[in-house]
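> Sharing a model prediction with you, sequence too.
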Amino acid sequence: MSDTRNALTTTARELVAPGKGILAADESTGTMTKRLDALGVESTEESRLRFRELLFTTAGAARHISGVILYDETLRQRASDGTRIPALLARRGMIPGIKVDTGAKPLAGAAGETVTEGLDGLRERLEEYRELGARFAKWRAVISIGEGRPSRSALSANAHALARYAALCQEAAVLPIVEPEVLMDGEHTIEQSEESTEATLRAVFGELLDQGVLLEGMVLKPNMVLSGYGCSRQASVEEVAERTLALFRRVVPAEVPGITFLSGGQSDELASAHLSAMNAIGGVPWELSFSYGRALQAAPLSAWSGQEDNSAAAQSAFAHRALCNGEARRGRYSEALEDTRPHELIS
Ligand code: 13P
């Protein structure tokens, strides 16, 4: 086995190790600023670092967090003790990763749709990111459901870019997380979510195969199949789990080592419950895991609210969400866990 292939499959295995998942802490400065503004906290390089360092240094985080996706700014920052953030994560048993796309931009000729940019110069940026300690990367394509959407052109442009990104990552021995997110905002039904997610995944896997991407050396980060958040019929946890798994069985090749779902604006509790229900059904060839942003960070962010004195409460809130999702990885999440603090379970 070549060294590159070996590095990719090892990273994949570690990222989707049983009981663990990924923390997506790669909000762009604009997005992070919105989250901090909502709490009345000024967004500065320093405040963004303080919150993120607090998450990364939570005692026992690596029990349930295998890797952390960083934004460019954080990858280059140093923790309070002077350690570079990627080194701090690695020392604490978590793999550092990096968001490499430069955002979703309006797609010409397709009103209301976007294509994700960032391919220019990506080979060189990956080289630098690897030197800075990143072992995996992320690229997010955004697909929306609505009148005439998703269009064929949005599906093919985004799938093409995802596959070019993935091939460049693998050339650099950096594991690509392939994230085609079908947004769940809107009044669409769960049937429409299923149809659009299927079309998206078929387009993505077609391009990945055409461009020679090694499926064993990547991780898929998709949305779950949900009712649109504004839809009058909200599917049950069981229905979401069954539909999502049935769809993935049809379209995701068995060679893919793991599926790490995004939370996509679900409540913290539903993000854990849906993942747990899927793992309880099981019988699939891939690990079913999480790569959550909001569903891991909303609780600690609000507990912290920019106050140093709240750090312990924020770390406890983060450890709790990590634990709930770690249990969901094993199909063992229940509502009762919501009332349990981590130290009561970790002995
Ligand atoms: P959410 O879990 O908040 O959807 O974020 C995951 C992510 O990384 C989006 O790109």
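Perfect, I can see it now. Predicted model, so just to flag it, every value in this text is computed and none were measured.

> pLDDT weak spots in the stretch 201-347 of the chain?
Across the stretch 201-347 of the chain, the ranges flagged by pLDDT under 70 are 342-347.

> Look through it and state the residue closest to the ligand.
Distances between the stretch 201-347 of the chain and the ligand by CB to the nearest ligand atom are smallest at G293, namely 2.7 Å. Where you see a C-beta, it was placed from the backbone N, CA and C, and this is true even at glycine.

> residues contacting that residue?
Residues in contact with G293, defined by CB atoms under 8 Å, 6 or more residues apart in numbering, are A24, A25, D26, E27, L262, S263.

> Return only those of those residues found close to the ligand.
Of the residues in the contacts of G293, proximity to the ligand by CB under 6 Å from any ligand atom holds for A24, L262, S263.

> And the nearest residue to D210 once chain neighbours are set aside, its phi and psi?
Leaving aside its chain neighbours, D210 sits nearest to A163 (7.0 Å; criterion: CB to CB, 6 or more residues apart in numbering). Backbone torsions of A163, given as degrees, to the nearest 10, read phi -70, psi -40.

> Any figure for the gap between A163 and W139?
As for A163, its distance to W139 is 10 Å (criterion: CB to CB, to the nearest Å).

> So which of these two has more stuff around it?
W139 (27 against 24; other CB atoms under 10 Å).

> Which secondary structure state does that one sit in?
Under the three-state scheme (DSSP: H, G, I helix; E, B strand; the rest coil), W139 adopts strand.

> close enough to count as contact, it and T116?
Yes: W139 lies in contact with T116 (CB atoms under 8 Å); the separation is 6.5 Å.

> what's the overlap in contacts for these two?
Taking CB under 8 Å, 6+ apart as the criterion, W139 and T116 both touch D101, A161, L162.

> Please, which helix or strand holds the second one?
It refers to A161. Assigned by DSSP states H and E, A161 belongs to helix 152-171.

> ok and whichever helix or strand comes after that helix relative to helix 152-171, angle-wise?
Using DSSP H and E, the helix or strand that follows helix 152-171 in sequence is strand 175-182. Here strand 175-182 runs at an angle of 170 degrees relative to helix 152-171 (axes from the mean of the first three to the mean of the last three CA atoms, to 10 degrees).

> Check which helices and strands strand 175-182 is in contact with.
Applying 3 or more CB pairs under 8 Å, 6 or more residues apart in numbering; DSSP states H and E, we find strand 175-182 packed against helix 3-15, strand 136-143, helix 152-171, helix 190-210, strand 219-220.

> Can you name every helix or strand that the fourth one contacts?
Packed against helix 190-210, as judged by 3+ CB pairs under 8 Å, 6+ apart, are the following elements: strand 136-143, helix 152-171, strand 175-182, helix 237-251.

> Who does the third one pair with, and is each partner parallel or antiparallel?
Paired with strand 175-182 in the same sheet, following DSSP bridges, are strand 136-143 (parallel), strand 219-220 (parallel).

> Go through stretch 101-117 and flag the buried ones.
D101, T102, A104, L107, A110, E113, T114, V115, T116 (16 or more other CB atoms under 10 Å).

> my read: L215 touches E255, true?
Yes: contact criterion CB under 8 Å: L215 and E255 qualify, at 3.9 Å.
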